[in-house]
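Visitor: coords please:
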Amino acid sequence: MIFNDHQDDLCTFVKTAGDESLLNSQVIKDSAWVEKPELHDRDFALILVDREGKEHRKYAMFDAGNTILSTYYFLNNTPNIGEGATKLAAANLAQALYYQVENSQSSPEFQELTKLAEGIDTVEGLVDERRALYSPTVEQESEKVAEEVNPFNLIKEASQHWASVPLFEKRSAAIRLCSIADTVGATVPEKIAQYAGDFLSPNFEMLMSHRTQKTANEELQNGYRRLSKLAYGMEPSEVVEALFLLDEQAGLLNKYASALPDPVLCVFSTGHKKEASWSWTRGSDSVNERQLKSYASSVASFSILEKLFGEAFRDSFRKDPILLFEKLPEEQQTIVARLASQSRFSNDGGN
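Guide: Have a look, this model is predicted:
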């Protein structure tokens with residue numbers, strides 16, 4: 001994800017591109033060299049916030065020479081950082097060129113930056129006038145590629161590796177997979193589909209109440225409470241960004257797991273057809289209502305569950321599998337979920 005600007009690679013990209021004449025121009029020679037730690041946030045066109053919450057300051061523009069070099073890197077070596085981050089960097093660079101470089105508004109570079117920045121007021125992923133969330137664009141498959149790829153295998157592969165997909169890539173990937181599934185009549189596993197919702201979760205207020213128990217900071221607790229009330233009048237994408245910032249301040253970014261849903265899962269309801277009304281997910285493990293009930297009634301479960309947990313457990317599970325499952329410790333839930341989801345009597349690939 002990390003990419004280089006002219007300060008990072010000491011203008012190596014310019015030299016290898018054969019544009020050393022740019023480095024010999026008077027405006028570049030007159031520009032100052034200042035190490036990044038010595039600069040202010042306002043001296044950069046973009047501060048990219050990665051999925052761990054770490055900030056990366058890019059495209060210095062504290063004088064004309066540095067702005068010109070940053071513009072060169074941005075336009076000729078643009079990284080895949082997401083629409084919001086791209087538009088924000090373009091808008092700030094265009095503004096810097098306008099004020100620092102004479103007659104720059106008539107240059108092709110200024111025109112291209114202005115075009116890239118169009119629609120910045122409605123784009124997702126912006127934190128403030130400098131910061132944007134890292135949200136790389138998921139490339140849309142062409143119709144030819146879509147025909148060549150087996151959609152069922154694609155969904156199965158995504159399900160197997162879902163736990164390793166970065167947080168800010170999950171929503172766009174889930175939307176794409178759900179779209180493919182709708183086309184061919186396939187079912188997307190709930191652990192993926194839940195990222196593809198398009199409206200605020202009815203459980204949001206309860207989830208924010210749970211968040212207040214994860215921090216002793218009263219100001220942050222009040223922040224979660226305020227967000228739980230204001231969210232219903234906000235765009236869901238704005239709520240995701242606000243929640244991410246609160247979690248960052250509360251030190252919760254590295255604690256997203258089954259017990260603490262990430263901002264996307266807190267905000268969005270599934271908004272996609274599900275085969276079962278009940279499901280359970282912990283990391284890469286998941287099981288749904290159909291799988292659990294099918295396994296409970298299977299011959300295979302009769303002896304296996306008795307060996308693992310005893311006769312009383314087996315009988316209670318066969319009578320009401322969901323009720324018993326929800327009362328189990330998480331370690332036992334994981335075991336039963338794996339047995340049920342992988343059994344040939346109930347296996348549907350996690351759907």
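Visitor: what ranges of this protein fall below the confidence cut-off?
Guide: Residues of the chain that meet the criterion pLDDT under 70 lie in 1-2, 125, 137-149, 168, 258, 269-277, 343-351.
Visitor: the domain parsing of it - what is it?
Guide: Split into domains by automatic domain parsing, the chain comes to 12-133, 143-193, 204-267, 279-342.
Visitor: who touches Lys87 in this structure?
Guide: 116-120, 123 (CB atoms under 8 Å, 6 or more residues apart in numbering). To be clear about C-beta, it is placed using only N, CA and C from the backbone, and glycine gets the same treatment.
Visitor: switch to 10 Å and redo it
Guide: 113, 116-123, 125-126, 132 (CB atoms under 10 Å, 6 or more residues apart in numbering).
Visitor: also Lys327?
Guide: Lys327 sits in contact with 316, 333, where contact means CB under 10 Å, 6+ apart.
Visitor: roughly how far apart are it and Phe313?
Guide: Per CB to CB, to the nearest Å, Lys327 is found 11 Å from Phe313.
Visitor: same check on Cys266?
Guide: Distance of Cys266 to Phe313, computed by CB to CB: 33 Å.
Visitor: of these two, who's got more company?
Guide: Cys266 (26 against 16; other CB atoms under 10 Å).
Visitor: how far out from the middle of the chain is the helix or strand that contains that one?
Guide: According to DSSP states H and E, Cys266 maps onto helix 263-267. Its chain's C-alpha centre and that of helix 263-267 lie 10 Å apart, by CA atoms, centre = their mean, to the nearest Å.
Visitor: what's downstream of it, the next helix or strand?
Guide: Per DSSP H and E, the helix or strand that comes after helix 263-267 is strand 279-282.
Visitor: against which helices or strands is that next one packed?
Guide: helix 190-193, strand 285-288, helix 289-296, helix 321-327, helix 330-342 (3 or more CB pairs under 10 Å, 6 or more residues apart in numbering; DSSP states H and E).
Visitor: list the contacts of it.
Guide: Contacting residues not belonging to strand 279-282 are listed as 162-163, 189-194, 257-259, 261, 265, 270, 286-292, 322, 325-326, 330, 333-334, 336-337, 340-341, 350-351 [CB under 10 Å, 6+ apart].
Visitor: quick one: that strand to chain centroid distance?
Guide: 20 Å.
Visitor: what about stretch 190-202, start to end distance?
Guide: 17 Å (CA to CA, to the nearest Å).
Visitor: just stretch 226-236 next, same as before
Guide: End-to-end distance (CA to CA), stretch 226-236: 15 Å.
Visitor: who touches it?
Guide: Here stretch 226-236 has contacts from 122, 124, 197-201, 204-209, 211-212, 238-243, 245-246, 264, 266-269, using CB under 10 Å, 6+ apart.
Visitor: can you rerun that using 7 Å?
Guide: 199-200, 204-205, 208, 239, 242-243, 246, 267-268 (CB atoms under 7 Å, 6 or more residues apart in numbering).
Visitor: between those residues, which sits nearest Asp30?
Guide: Ala242 (42.7 Å; CB to CB).
Visitor: got the contact list for the closest one?
Guide: Ala242 touches Leu227, counting by CB under 7 Å, 6+ apart.
Visitor: so can I have JSON lines of the domains of the chain showing distance to Asn4?
Guide: Below are those laid out as JSON lines (distance: least, CB to CB, whole Å):
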{"stretch": "domain 12-133", "distance to Asn4": "7"}
{"stretch": "domain 143-193", "distance to Asn4": "20"}
{"stretch": "domain 204-267", "distance to Asn4": "25"}
{"stretch": "domain 279-342", "distance to Asn4": "34"}
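Visitor: out of these, which gets nearest to His6?
Guide: domain 12-133 (4.2 Å).
Visitor: can you give me the end-to-end span of that closest one?
Guide: 27 Å.
Visitor: and if you look at stretch 6-16?
Guide: Termini of stretch 6-16 sit 12 Å apart (CA to CA).
Visitor: what sits opposite Glu55 in the beta ladder?
Guide: Counting by DSSP bridges, Glu55 is bridged to Val49.
Visitor: count the residues that sit near it.
Guide: 14.
Visitor: swap in Gly53?
Guide: 16.
Visitor: just to be sure, it is in a strand?
Guide: No - according to DSSP: H, G, I helix; E, B strand; the rest coil, the state of Gly53 is coil, so it is not within a strand.
Visitor: from the contacts of strand 279-282, list the buried ones, please.
Guide: With burial judged by 16 or more other CB atoms under 10 Å, the buried subset of the contacts of strand 279-282 is 162, 189-194, 261, 265, 270, 286-292, 325, 333-334, 336-337, 340-341, 350-351.
Visitor: what's the helix holding Cys266 packed up against?
Guide: Packed against helix 263-267 by the contact rule (3 or more CB pairs under 7 Å, 6 or more residues apart in numbering; DSSP states H and E) you find helix 204-212, helix 236-250.
Visitor: for that helix, which outside residues touch it?
Guide: By CB under 7 Å, 6+ apart, helix 263-267 touches 170-171, 194-195, 200-201, 204, 207, 236, 239-240, 243-244, 247.
Visitor: the stretch 101-250 of the chain: strands as residue ranges?
Guide: All strands of the stretch 101-250 of the chain, identified by DSSP state E, counting those that start in this stretch, fall at 131-133.
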